[in-house]
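**Student:** please find the sequence and the predicted model below.
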Amino acid sequence: MITQNLVNALVLGSTYALIATGLTMVYGILKILHIAHAAVYTIGAAVGLGVFNATGNFWLALVVAMAVSSGVGVLIYTGVYRRMLDAPRIVPLITSIGLFIMAQDLLQKPYLLGPYIQDFPARSGLPGWRTPWFDLPATGLLIILLAAAFLAFVYLVMTRTRLGLGWRAAAQDREMAAALGVNINRVIALNFLLGSALAGAAGVLVGVYYNQVFATMGDVPSYKAFVIIVLGGMGSLQGTVVASLLLALAETFLIATVGFVLPRDAIAFLLLILVLMFRPEGLFGRR
Amino acid sequence: MRPISRLWVLLIVLSLVLGGLAGCGKKEPATIKIGIFSPTTGFAAADGTSALHAAELAVKFINEAGGINGKKIELIHYDDAAKPDQAVSVAHKLIEQDKVVAAISGSYSGATRAAAAVFQEAGVPMISAYAVHPDITKTGDMIFRVGALADVEGRAGGALVVDKLGAKRVAILTIDNDFGRALTEGFKAYAIPKGVEIVLEEKYPLGETDFRPLLEKIKEANPDVIWATAYYAEAANLVRQAKEAGVTAQIVGQEGYDSPKFIELAGDAAEGVIIVTDLNRDSDREIVQKFLSEYKKAYNLDADMVGASAFDAVQVLAYAIEKGGTDPQKIVEAIAGIENFDQAVTGPILRYTPGREVVRPIGSQIVRDGAFHFFAEFTDPELITPPW
C-alpha cells in the first residue's frame, strides 16, 4: 500500500510540477503573479481535447495543445503584461485575474467546453507498469516520463544556453541585463512560451489522467501553483519541483492515513502557513 | 438650477401616473405562472440544466394538450448556482416580482432549504424536485417533495445491499454535504441493525478528484460492497480509479450517479455499478417511455433522474392547479390529496404523507452495456413510507 501511494504521489507531484514550473519561470523574471497561467492550462486541455476528438491521435493533440498554449502565453505577455512592467504590481495581478475569469467564462460557452464535464479517453500507446508492489496505469507512467523530460529540458535551457543565461540575468536585475545587451523582450517572450507550453501539456495530461476536462478545471491550480512556488522559493526551478513532489506526498499520505479531515487543497495552505512562519523564502529561495 | 417649464412637469407627472395605473388593472392573468429555480451555472450546472429542460418539456406537453383549464403555463426560471443565498434572492424575485402561483426547486438541498423558508413565509406552494434533505419539507405546510427522501432512499439502499446483495462487510464513502450525509444516515439506520459490519467509513469533500489514497485503504479493509454517495463527477472518478486500483468490491451509488455523464466519464469502469434511483429506463409505463424519447429528441442527451423529478414536479403541480385552481391553499390540499398518481415518470405516487413526502416504490438500476437498466424495485410499505 505504501509503495502504491508513493507512486500515486509521484504522478500527482509531476502534474503539479508541470503547472508550477511555468509559473515560477514567469515570476522569476517579471515578478508578476500570473494567475492567468491557470487559464493557459485549461486552454491547453480544451485544445487537446478538441484535436483528439477530431483526429483520435493523442500525440498530435498534445503537440497542438502545447503549441497553442505557448502562443496564448506569449500573447498574454506581449499584449498585456508588457505594457504594465513599470506599473505597481497590483495592476498586472488584477489584470491577470480578470483574464483568468474571462477565459473560464468563455470556455463555458456551449460552443466551447460547455457547462458539463467532457471526457478525454485518449490512449498514448504506452503500456501500464505492474509490479508486485504497485500498479502504474499507462497515463500515470506517461505523466511521470513526460514531466521528467520536459523539466529536464527546461533545466538544460536554463543552465546551458545563452537564453537561459539571459533569463537568469534578467531575473536578477532586468534593467542591468538590458543595459548589458540582453534582448529582454525576446528573453521574456521565450520564457512565457516555454512555461505556457508546459502548462498546456499539464492540462492535456491531467485531462486524460482523470478523464475529465471542464472550463473551471483551472480553479484549484490557480492558487495551488502559487502555494507551490512559495513553498519552493519563488523563481527557483529546483525548489518548485521539490515543493510539487513534497505537496503531493503530503496530500496523499495524509489522506491515506487519516482520511479527509481537511479537504486536500487545504493541506497546501497549511504547509504554506508553516513555511511562511519558519522559512519565508521557501525551501530553495535566497534570503 | 434651470427652471423647467411647468408644462414639462405636468407631462412627466401625467405619464408616471398613467403608467402606474396601467399596471393596476384587475385583469385575469392570461397565463399560469410557475416559477422554477435551478443551477445553470457553477458546479451543479449539469443537474440544473437537466431539471430546467425536463420541466420545460413537461410544460410543453401540457400546453400542447390545451394547458390547465384552457390556460397556458408560463415557466419562469432563474439560476441559483446551487448557492443558498442566491436561491433566497431568486425566491423573492419569483414571489414579489413575477408573482408566481407556485414554484419548483430544481436545485440542490442546501439552496432548496434556504428558498423553502422564503416560500413558506410568503404562502406560496413549492415542490422540491430532487433535493433529498429532510428539513426541506419540515419547513412548513406549503413545501412538498416529489423526489425520494434521503432517509427512504438510504434505507432502500440498505435493503439493496443487505437483503438483495447479501453483503456482510460494507465500506462507506460519504460526500461531505447535506445530500451525502443524509443518504448515509438512512443507509446506516437500516443496515447496522441488520448486523452489517462497517469495515471503513470515510467522508470526502465535494469536488474531490483523486480517491486513490482512500481506495488503497478500502482495499486493505476488504469490503463486499462500497456504499459511496457522490455526484456524477466524483462518482466517475471514484469508479474509474477503483477499477484501476484493482478494487473488486461491488460499488453501490444513489441518484447522484443517475446521469448519462456518469457513464460517459467513467467509461467501462461504470459497468456493473448499481444505484438507487427512481428513473427506470426499462419501465413499461407509457409516460416514462414518452419522457425518455422526447427528452432525447429535444436535447440530444439521455434524460437523467434529476430531469425526471423536475418533470414530475410540473406534472404534480399541473394536476393540483387543474383540480383546485390557483389559490395556494387549494393547491396544497390538492397535492396532499393525491392518490395513485400515474402521470409521474419516477414512479406512480401512491399518496402523500402528512409530512408532505411521497410514498411510492423505490427503484434501482444497474449499468449494463454502457446504459442504465432495471435492477430491483422495493415496494414494502415499511421500507418506502417516509417516517413523517
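**Tutor:** Okay, I see it. Numbering: from 1, shown residues only, chains lettered A, B, ... in the order given.
**Student:** could you tell me how many residues sit around A:Val258?
**Tutor:** 10 (other C-beta atoms under 10 Å in any protein chain shown). For the C-beta atoms, the positions are set from N, CA and C on the backbone; glycine is no exception.
**Student:** now do it against A:Ala266, distance only.
**Tutor:** Here A:Val258 is placed at a distance of 13 Å from A:Ala266 (C-beta to C-beta, to the nearest Å).
**Student:** so where's chain A shaky on pLDDT?
**Tutor:** A:286-287 (pLDDT under 70).
**Student:** which parts of it sit against chain B?
**Tutor:** A:1, A:4-5, A:8, A:12, A:108, A:115-117, A:119, A:121, A:135, A:137, A:210-212, A:216, A:252-253, A:255-256, A:259-260, A:263-264 (C-beta under 8 Å from any C-beta of the partner chain).
**Student:** report the buried members of those residues.
**Tutor:** A:4-5, A:8, A:12, A:108, A:115-117, A:119, A:135, A:137, A:210-212, A:216, A:252, A:255-256, A:259-260, A:263-264 (16 or more other C-beta atoms under 10 Å in any protein chain shown).
**Student:** filter the residues you listed down to the ones in helices?
**Tutor:** Here DSSP state H is the test, and these give A:4-5, A:8, A:12, A:210, A:252, A:255-256, A:264 as lying in helices.
**Student:** residue 53: neighbour count?
**Tutor:** Here I'm looking at chain A. 14.
**Student:** hmm, I had chain B in mind actually
**Tutor:** 22.
**Student:** part of a helix, is it?
**Tutor:** Yes: checked against DSSP: H, G, I helix; E, B strand; the rest coil, B:His53 lies within a helix.
**Student:** and the residue nearest to it when sequence neighbours are not counted, how many neighbours?
**Tutor:** Among residues not flanking B:His53 along the chain, B:Tyr299 sits closest, at 5.3 Å (C-beta to C-beta, 6 or more residues apart in numbering or on different chains). Neighbour count for B:Tyr299, taken as other C-beta under 10 Å: 16.
**Student:** please apply the same query to B:Thr174.
**Tutor:** If we define neighbours as other C-beta under 10 Å, then B:Thr174 has 23 of them.
**Student:** for A:Gly285, see how far away A:Phe278 is.
**Tutor:** 13 Å.
**Student:** actually A:Ala46, sorry about that
**Tutor:** A:Ala46 is 34 Å from A:Gly285, by C-beta to C-beta.
**Student:** give me the more crowded residue out of those two.
**Tutor:** A:Ala46 (27 against 18).
**Student:** could I get the contacting residues of that one?
**Tutor:** A:107, A:112-113, A:203, A:213, A:215 (C-beta atoms under 8 Å, 6 or more residues apart in numbering or on different chains).
**Student:** now the residues you listed as JSON lines including neighbour count and distance to B:Glu216?
**Tutor:** Below are these laid out as JSON lines (neighbours: other C-beta atoms under 10 Å in any protein chain shown; distance: C-beta to C-beta, whole Å):
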{"residue": "A:Leu107", "neighbour count": "21", "distance to B:Glu216": "34"}
{"residue": "A:Leu112", "neighbour count": "12", "distance to B:Glu216": "37"}
{"residue": "A:Leu113", "neighbour count": "23", "distance to B:Glu216": "32"}
{"residue": "A:Gly203", "neighbour count": "33", "distance to B:Glu216": "27"}
{"residue": "A:Val213", "neighbour count": "26", "distance to B:Glu216": "26"}
{"residue": "A:Ala215", "neighbour count": "25", "distance to B:Glu216": "31"}
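**Student:** now, which of those sits nearest B:Asp47?
**Tutor:** A:Ala215 (16.4 Å; C-beta to C-beta).
**Student:** need the CA coordinates for the least confident helix or strand in chain B by mean pLDDT. CSV is fine.
**Tutor:** Within chain B, no helix or strand scores below helix B:6-22, which has a mean of 74 by mean pLDDT, DSSP states H and E. Extracted C-alpha coordinates of helix B:6-22, given in CSV (Å, rounded to 0.1, in the frame of the first residue of the first chain):
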residue,chain,number,x,y,z
ARG,B,6,-44.5,73.8,-15.7
LEU,B,7,-45.7,72.1,-18.8
TRP,B,8,-42.9,69.6,-18.7
VAL,B,9,-43.5,68.8,-15.1
LEU,B,10,-47.2,68.2,-15.8
LEU,B,11,-46.4,65.9,-18.7
ILE,B,12,-43.9,63.9,-16.6
VAL,B,13,-46.2,63.5,-13.7
LEU,B,14,-49.1,62.6,-16.0
SER,B,15,-47.1,59.9,-17.8
LEU,B,16,-46.0,58.4,-14.4
VAL,B,17,-49.5,58.3,-13.1
LEU,B,18,-50.9,56.8,-16.3
GLY,B,19,-48.1,54.3,-16.4
GLY,B,20,-48.8,53.3,-12.8
LEU,B,21,-52.5,53.0,-13.4
ALA,B,22,-51.9,50.8,-16.4
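**Student:** tell me which helix or strand comes right after it.
**Tutor:** Moving toward the C-terminus from helix B:6-22, the next helix or strand (DSSP states H and E) is strand B:31-38.
**Student:** B:Gln289: how many residues sit nearby?
**Tutor:** 14.
**Student:** before we move on, what about A:Met234?
**Tutor:** That count, for A:Met234 with other C-beta under 10 Å as the rule, works out to 20.
**Student:** in the stretch 1-150 of chain A, what residue is nearest chain B?
**Tutor:** A:Pro115 (3.6 Å; C-beta to the nearest C-beta).
**Student:** got the contact list for B:Lys323?
**Tutor:** If you count contacts by C-beta under 8 Å, 6+ apart, then B:Lys323 has B:330, B:334 around it.
**Student:** tell me the SS of it?
**Tutor:** B:Lys323 - assigned by three-state DSSP - is helix.
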